[in-house]
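A.B. asks: for reference, the sequence and a predicted model appear below.
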Amino acid sequence: MNFYETNKQDNGKATCCGGDIVKGNQHTEQSLPVAIIGGGPVGLAAAAHLSLRGESFVIFEAGAAVGSNILKWGHVRLFSPWQYNVDKAARKLLESNGWKAPDDAGLPTGQQLVETYLAPLAEIPEIKNHIWYHSNVKAISRKGLSKIKTSGRDELPFSVYVEIDGEPKQFEARAIIDATGTWDHPNPSLSDGVWTESEKSNAAHFFYGIPDILGSHKQRYAGKHVLVVGGGHSAINTLLELQDLKIEEPRTHITWVMRKQSVTEAYGGQDNDSLPARGDLGTRIQKMVDEGFVDVVTPFHIRNFELENGQINVIGAGKADKIVGVDEIISNTGSRPDFAFLRELRINIDAAIESVAELAPLIDPNEHSCGTVRPHGEKELSQPEKNLYIVGVKSYGRAPTFLLATGYEQVRSVVAGLTGDWVAARSVELDLPETGVCSLQITSTCCEEKPSNESSCCATEIK
């Protein structure tokens with residue numbers, strides 16, 4: 001019996017046999033499926049590539065549907081067009097099932113990305129019967145071995161411990177593709193990067209992510225003193241929606257704090273950006289600042305929060321020592337990966353930015369001011385634990401740089417490697433738009449001369 005089988009009495013839903021049935025040595029490692037953790041765009045792309053290569057797989061998705069985390073910011077419009085948001089293998093599967101592709105030049109919202117692309121992909125037979133929803137992966141190990149045991153571990157399957165609808169189950173897999181992302185693990189607002197009681201105890205005043213300011217969250221922010229923390233595109237999207245709210249409700253007071261030395265650092269490439277919608281964000285936020293819609297306090301390093309008369313006083317250092325009378329704080333400070341369920345596996349993670357170690361020199365924000373990265377794949381993503389790969393935004397750790405097309409290229413290469421197609425695994429098939437900003441400190445020639453495709457460092461996306 002295989003790792004999972006089709007239960008014809010349950011409308012074709014994939015039914016897993018569980019570790020108590022898959023026993024002994026009745027299976028070779030190759031007969032087991034690849035376990036994909038996460039049913040977002042990159043996880044589903046991995047499934048599409050495995051399907052086209054005739055490989056078995058199973059997807060564990062913690063939410064009730066694919067793309068559940070994306071729906072949390074479903075009202076936000078992406079600045080990358082459909083051209084970069086649809087994986088090639090997924091497109092092939094979809095079109096073979098009658099899917100009509102959206103206009104490549106269109107800019108979808110998060111909700112449209114799910115409804116137009118991810119949900120139909122999850123419904124085609126090649127994918128649908130292999131997805132487990134409400135499935136939380138709690139731990140992964142080598143079958144029968146703890147992390148410290150070396151002898152023979154590469155030949156053993158993985159044991160995957162999962163809670164499905166709250167019920168613990170155990171599965172086996174020949175490979176693991178971790179595409180869980182980082183969305184559910186936001187960074188704290190404190191500049192030290194530490195969760196403190198002063199922040200946690202005032203959680204009712206905080207929102208982590210991009211609230212639906214003009215929709216379901218409108219009453220929360222209208223007429224309030226709202227402080228936005230962060231200097232990336234998420235913060236800019238938040239601020240622009242707050243500006244629209246302020247026009248409608250003039251009593252709304254907007255304060256923007258970040259650690260950058262100057263607000264101009266947040267404006268990006270503007271007209272020089274190869275993605276016009278991304279460049280336009282910088283142009284619009286500059287206009288918002290110039291016209292006085294927002295009070296900018298930068299640099300500002302948050303040290304503490306104090307509750308006083310139902311409002312928050314933000315204690316910090318930099319351009320100001322304190323910002324008083326804040327009603328709501330929207331924290332757009334990025335997120336961080338969770339490695340807890342990988343603890344019994346051998347992984348190589350960069351100590352500083354918590355990315356896959358081999359990616360760190362390519363994306364370290366201490367060196368890269370514009371989100372620069374060379375195309376990469378299976379070779380850079382491989383872990384000390386054979387057949388374990390961390391992909392997608394999680395592979396970038398805390399670095400604020402990612403484009404879906406990068407994740408799609410990652411899993412194309414990884415799947416090629418898992419199926420023994422090393423020519424495809426080592427090839428470069430990624431073409432990304434330039435940001436229009438580049439100031440690397442690593443080499444003097446990286447952005448002064450146009451490099452070849454294999455070593456391009458000036459083509460990527462800022463999240």
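C.D. replies: Alright, I've got the coordinates.
A.B. asks: quick one, strands of the stretch 51-200 of the chain?
C.D. replies: With strands called from DSSP state E, counting those that start in this stretch, the stretch 51-200 of the chain shows them at 57-60, 131-132, 135-142, 158-164, 167-173, 175-178.
A.B. asks: what's the closest of these to Arg251?
C.D. replies: Closest to Arg251 of the strands of the stretch 51-200 of the chain, according to C-beta to C-beta: strand 135-142, at 42.8 Å. Placement of C-beta: from N, CA and C, glycine included.
A.B. asks: and the angle for that closest one with strand 158-164?
C.D. replies: 160 degrees (axes from the mean of the first three to the mean of the last three C-alpha atoms, to 10 degrees).
A.B. asks: how far away is the one residue sitting closest to the centre of the chain from Leu345?
C.D. replies: Residue closest to the average C-alpha location in the chain (C-alpha atoms, centre = their mean): Val393, at 3.6 Å. Here Val393 is placed at a distance of 20 Å from Leu345 (C-beta to C-beta, to the nearest Å).
A.B. asks: same question, Gly209
C.D. replies: When Gly209 is compared with Leu345 (using C-beta to C-beta), they lie 29 Å apart.
A.B. asks: more neighbours: which of these two?
C.D. replies: Ranked by neighbour count (other C-beta atoms under 10 Å), Gly209 and Leu345 place Leu345 first, with 20 against 16.
A.B. asks: show me the shaky parts of the stretch 151-300 of the chain.
C.D. replies: Along the stretch 151-300 of the chain, no part satisfies pLDDT under 70.
A.B. asks: surely Ser146 touches Arg343?
C.D. replies: No: the criterion here is C-beta atoms under 8 Å, and Ser146 misses it with Arg343 at 10.3 Å.
A.B. asks: got the buried residues for stretch 184-203?
C.D. replies: Within stretch 184-203, the residues scored as buried using 16 or more other C-beta atoms under 10 Å are 186-191, 198-199.
A.B. asks: no, scratch that, I was asking about stretch 171-185
C.D. replies: For stretch 171-185, a neighbour-count test (16+ other C-beta under 10 Å) marks 171-183 as buried.
A.B. asks: swap in stretch 47-57?
C.D. replies: Of all the residues in stretch 47-57, those buried under the rule 16+ other C-beta under 10 Å are 47-52, 55-57.
A.B. asks: just stretch 410-427 next, same as before
C.D. replies: Within stretch 410-427, the residues that count as buried by 16+ other C-beta under 10 Å are 410-419, 424-425, 427.
A.B. asks: so what's Leu113 up against?
C.D. replies: Counting by C-beta atoms under 8 Å, 6 or more residues apart in numbering, Leu113 makes contact with 41, 67, 70, 78, 85.
A.B. asks: pull the contacting residues for the third one.
C.D. replies: Put plainly, it is Ile70. Counting by C-beta under 8 Å, 6+ apart, Ile70 has contacts 40-41, 110-111, 113-114, 118.
A.B. asks: just among those residues, which is most surrounded?
C.D. replies: Ranked by neighbours (other C-beta under 10 Å), these are led by Pro41, which has 28 neighbours.
A.B. asks: which residues in the stretch 201-350 of the chain form helices?
C.D. replies: 218-221, 233-248, 276-290 (DSSP state H, counting those that start in this stretch).
A.B. asks: adding mean neighbour count, write the ones you listed out as a markdown table.
C.D. replies: Shown next, in a markdown table, are those (neighbours: other C-beta atoms under 10 Å):
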| stretch | mean neighbour count |
| --- | --- |
| helix 218-221 | 16 |
| helix 233-248 | 20 |
| helix 276-290 | 17 |
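A.B. asks: to Asn136, which of those lies closest?
C.D. replies: helix 233-248 (25.6 Å).
A.B. asks: render the CA-only coordinates of the closest one in CSV, please.
C.D. replies: Provided in CSV are the C-alpha atoms of helix 233-248 (Å, rounded to 0.1, in the frame of the first residue of the first chain):
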residue,chain,number,x,y,z
HIS,A,233,6.3,48.3,0.5
SER,A,234,3.9,46.9,3.1
ALA,A,235,4.2,50.1,5.1
ILE,A,236,3.8,52.2,2.0
ASN,A,237,0.6,50.4,1.0
THR,A,238,-0.7,50.9,4.5
LEU,A,239,0.1,54.6,4.5
LEU,A,240,-1.5,55.2,1.1
GLU,A,241,-4.8,53.7,2.3
LEU,A,242,-4.6,55.8,5.5
GLN,A,243,-4.2,58.8,3.3
ASP,A,244,-7.5,58.0,1.5
LEU,A,245,-9.1,57.5,4.9
LYS,A,246,-7.8,60.9,6.1
ILE,A,247,-9.3,62.6,3.1
GLU,A,248,-12.6,61.1,4.0
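A.B. asks: against which helices or strands is that helix packed?
C.D. replies: Using 3 or more C-beta pairs under 8 Å, 6 or more residues apart in numbering; DSSP states H and E, the elements in contact with helix 233-248 are helix 218-221, strand 225-229, strand 253-257, helix 276-290.
A.B. asks: okay, now Asn366: neighbour count?
C.D. replies: Using other C-beta under 10 Å, Asn366 has 10 other residues around it.
A.B. asks: A strand includes it, no?
C.D. replies: No: according to DSSP: H, G, I helix; E, B strand; the rest coil, Asn366 belongs to no strand; its state is coil.
A.B. asks: just to revisit the earlier point, any chance of the buried residues of stretch 410-427 in a markdown table, with secondary structure too?
C.D. replies: Output for these, formatted as a markdown table (three-state DSSP):
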| residue | secondary structure |
| --- | --- |
| Gln410 | helix |
| Val411 | helix |
| Arg412 | helix |
| Ser413 | helix |
| Val414 | helix |
| Val415 | helix |
| Ala416 | helix |
| Gly417 | helix |
| Leu418 | helix |
| Thr419 | coil |
| Ala424 | helix |
| Ala425 | helix |
| Ser427 | coil |
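A.B. asks: and the buried residues of stretch 171-185 as JSON lines, adding distance to Glu367?
C.D. replies: What follows is those, written out as JSON lines (distance: C-beta to C-beta, whole Å):
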{"residue": "Phe171", "distance to Glu367": "40"}
{"residue": "Glu172", "distance to Glu367": "41"}
{"residue": "Ala173", "distance to Glu367": "36"}
{"residue": "Arg174", "distance to Glu367": "37"}
{"residue": "Ala175", "distance to Glu367": "32"}
{"residue": "Ile176", "distance to Glu367": "30"}
{"residue": "Ile177", "distance to Glu367": "28"}
{"residue": "Asp178", "distance to Glu367": "26"}
{"residue": "Ala179", "distance to Glu367": "26"}
{"residue": "Thr180", "distance to Glu367": "26"}
{"residue": "Gly181", "distance to Glu367": "24"}
{"residue": "Thr182", "distance to Glu367": "21"}
{"residue": "Trp183", "distance to Glu367": "25"}
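A.B. asks: ends of stretch 201-212, what's the gap?
C.D. replies: This stretch, stretch 201-212, spans 23 Å end to end (C-alpha to C-alpha, to the nearest Å).
A.B. asks: now what about it, what contacts it?
C.D. replies: Against stretch 201-212 from outside (C-beta under 8 Å, 6+ apart): 72-73, 75-76, 183, 186, 189, 199, 217-218, 220-221, 234, 237-238, 241, 305, 307, 312, 326-332.
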